[in-house]
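J.: Using only what follows, build the 3D model:
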Amino acid sequence: MKSDIHESLFNPKKVPADAKSILENFDSIIQGILPLNSRQFSKLPDDIRELSHQLTDERSSRRMHYMNDKVFLSAYARYFMWWNLIRLTKLFSNINFDSVNLSDGDFCLDIGSGPLTVVTALWLSRPELRSKKITWYCLDISKEVLSLGENIFLSAAAKTLSDSEEELPWKIIRVKGSFGTMIKEKAKLITCANMFNEVFQSETHPLTYLAQKYSSELKKYAAENASYLIVEPGVPHSARFITCLRECFISGALFITAPCCHTQSCPMDGKLLKGPHVKNAGTKSGKWCNFAFNTDDAPAKLKKLSSDAKLPKDRAVLSFIFASSHPGDKKTLEKKPGGFSNTRDTDETLLLRIASDPIRLYDKTGFYACSKKGLVLFIPKKGKPVFSGDLITVELPKNDLQRDKKSGALIIEG
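T.: This is a model prediction of the structure:
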């Protein structure tokens, strides 16, 4: 069987050259805004490690306004923001933004904006949007982190301007408040990253209920023909929430621009496994939708800082959903009730989104993938490079497909 790779989610060649340069030397931008002396630099790895505990295993005991602390602000910008910019810039450089269709005078909203990581990543990754005269409302509970973020954005964006350009066409309006705080204008593009992961930590309601609740809240911010770009950590709980949010978007007749290649039930929904043959039934999640890339090309200075802080990163992982009120690429998508149908799928072909790391299968390598036929175990031809996030069309065999005994996935080679 033949297979054809259409796109990747993390192709480094798609990242603009000026963005690569800025990300390589992002520490110099922070040093110009939040300068550290030699003694403070020596403490930085310890500060990063302490903040990591605050964000993970000690999150239940941390102070609400912990990000107002200048030490934590510096550690966050120099480590967490830098890594987040790398993963978001790579992702945003590879997904199709045609469906957003921003025009001069439009408003956008970034919720849980923090130090404007999403806004900065979008500027770096999408040069075609840099000339748009748009206004960003950036919403966060900390005015200090918003102020830092605006300075970072302005410094990074200024490095991309030509000599003939005097000012940035993007305007930033900082709004101190939490999710649900209303803004003056309706937004054409609504974004947030790692925000819901924070919001639902204290919630006891099921994720299906929370997804319905929060999708309704998101729509209150939206202008006509709005788009939504939601990115969360690639861990089971967050990925499960993204899947539930996907169902809400589809039932609201939105087009799922990425990563989904169909509107059927998600075969990687992260539900808890049940049944008499499941070990630790009710506590172990099934396969969840997440995508990863290795960090070999990350800045050497950032990798050294990560090592010094004893928080090395060999790979970056995320779960996300990008939904729009219209399809954008009409050559490959057509409107169907409740969402879209991908016209690349035919009786002879099937569209797959690779959603796993390589799996060793004796003398072969496989990958789990999502499709309208459910979970697929895709086994590429030897020597054919395949990566997490790749969108692939495969030819279907005329005979019935076999199923993997362990996962139940359809086995497709190509």
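
J.: What's the per-residue pLDDT of residue 66 here?
T.: At residue 66 the predicted local confidence, pLDDT, stands at 56.

J.: biggest helix in this protein, by residue count?
T.: When secondary structure is assigned using DSSP state H, the longest helix within the chain turns out to be helix 38-55.

J.: Buried residues in that helix, which are they?
T.: Of the residues in helix 38-55, those with enough neighbours to count as buried (16 or more other Cβ atoms under 10 Å) are 44, 45, 47, 48, 50, 51, 52, 54, 55. (Glycine included, C-beta is placed from N, CA and C.)

J.: ok, now which ones touch the last one?
T.: Counting by Cβ atoms under 8 Å, 6 or more residues apart in numbering, residue 55 touches residue 80.

J.: Please enumerate the helices of the stretch 1-150 of the chain.
T.: 17-24, 26-33, 38-55, 70-75, 82-94, 117-125, 143-158 (DSSP state H, counting those that start in this stretch).

J.: Repeat that for the stretch 201-350 of the chain.
T.: Remark: helices of the stretch 201-350 of the chain, listed N- to C-terminal, are 207-220, 236-251, 300-308; assignment by DSSP H, counting those that start in this stretch.

J.: Show me the shaky parts of this protein.
T.: 1-3, 57-68, 163, 272-285, 328-347 (pLDDT under 70).

J.: how about 50 then?
T.: Counting by pLDDT under 50, the chain shows low-confidence ranges at 61-62, 275-279, 281, 330-343.

J.: Find the residue at the geometric middle of it.
T.: The centroid of the chain falls nearest to residue 231 when counting by Cα atoms, centre = their mean (3.5 Å).

J.: and that residue, what are its bridge partners?
T.: With DSSP bridges as the criterion, the beta-bridge partners of residue 231 are residue 193, residue 320.

J.: for it, what are its contacts?
T.: 88, 91, 118, 192, 193, 194, 318, 319, 320.

J.: dump the residue contacts of residue 367.
T.: Contacts of residue 367 by Cβ under 8 Å, 6+ apart are 354, 355, 356, 357, 358, 359, 377, 378, 379, 380, 386, 388.

J.: And for residue 44?
T.: Counting by Cβ under 8 Å, 6+ apart, residue 44 has contacts 36, 74, 75, 78, 305, 308, 309.

J.: Next: residue 186.
T.: If you count contacts by Cβ under 8 Å, 6+ apart, residue 186 has them with 107, 221, 222, 223, 224, 226.

J.: From residue 107, how far off is the fourth one?
T.: Applying Cβ to Cβ, to the nearest Å, one obtains 7 Å for the distance of residue 223 from residue 107.

J.: Over to residue 233?
T.: In this structure, residue 233 lies at 28 Å from residue 107, with Cβ to Cβ as the measure.

J.: Tell me which of the two has more neighbours.
T.: Under the criterion of other Cβ atoms under 10 Å, the comparison of residue 233 against residue 107 puts residue 107 first, with 20 against 16.

J.: Wait, the more buried one touches residue 188, no?
T.: Yes - using Cβ atoms under 8 Å, residue 107 and residue 188 qualify as a contacting pair, with a distance of 6.3 Å.

J.: shared neighbours of the two, which are they?
T.: 134, 223.

J.: and residue 378, helix, strand or coil?
T.: Local secondary structure at residue 378 is given as strand here, using DSSP: H, G, I helix; E, B strand; the rest coil.

J.: from the chain's centre, how far out does stretch 39-48 sit?
T.: Once both centres are worked out by Cα atoms, centre = their mean, to the nearest Å, stretch 39-48 turns out to sit 29 Å from its chain's centre.

J.: what's the overlap in contacts for residue 223 and residue 107?
T.: When contacts are counted by Cβ under 8 Å, 6+ apart, residue 223 and residue 107 have 185, 186, 187, 188 as shared neighbours.

J.: Now do the contacts for the residue lying closest to the third one once chain neighbours are set aside.
T.: Nearest residue to residue 187 in three dimensions, chain neighbours excluded: residue 109, at 3.8 Å (Cβ to Cβ, 6 or more residues apart in numbering). With contacts defined as Cβ under 8 Å, 6+ apart, the neighbours of residue 109 are 136, 137, 139, 183, 187, 189, 190, 191, 221.

J.: Of those, which is the nearest to residue 22?
T.: Out of these, the one with the shortest distance to residue 22 is residue 136. That distance is 18.4 Å, counting by Cβ to Cβ.

J.: Wait, residue 114 touches residue 140, no?
T.: Yes - judged on Cβ under 8 Å, residue 114 makes contact with residue 140 at a distance of 5.8 Å.

J.: residues shared between the contacts of those two?
T.: In terms of Cβ under 8 Å, 6+ apart, residue 114 and residue 140 are both contacted by the residues residue 146.

J.: Tally up the residues packed near the closest residue to residue 241 other than its chain neighbours, please.
T.: Sequence neighbours aside, residue 207 is the residue nearest to residue 241 in space, at 5.0 Å (criterion: Cβ to Cβ, 6+ apart). For residue 207, the tally of surrounding residues (other Cβ under 10 Å) stands at 21.

J.: Also residue 325?
T.: 19.

J.: correct me, but it touches residue 257?
T.: No - the pair residue 325 / residue 257 is not scored as a contact, 10.5 Å apart, by Cβ under 8 Å.

J.: Residues that sit against both of those two, list them.
T.: Here residue 325 and residue 257 share the contacting residues residue 227, scored by Cβ under 8 Å, 6+ apart.

J.: Run the chain-centre distance for stretch 359-367.
T.: With Cα atoms, centre = their mean as the basis, the distance from the averaged C-alpha position of stretch 359-367 to the chain average is 27 Å.

J.: Ok, stretch 216-227 next?
T.: The chain centroid and the centroid of stretch 216-227 are separated by 19 Å under Cα atoms, centre = their mean.

J.: mind checking the end-to-end distance for stretch 116-134?
T.: Criterion Cα to Cα, to the nearest Å; first-to-last residue distance in stretch 116-134 is 15 Å.
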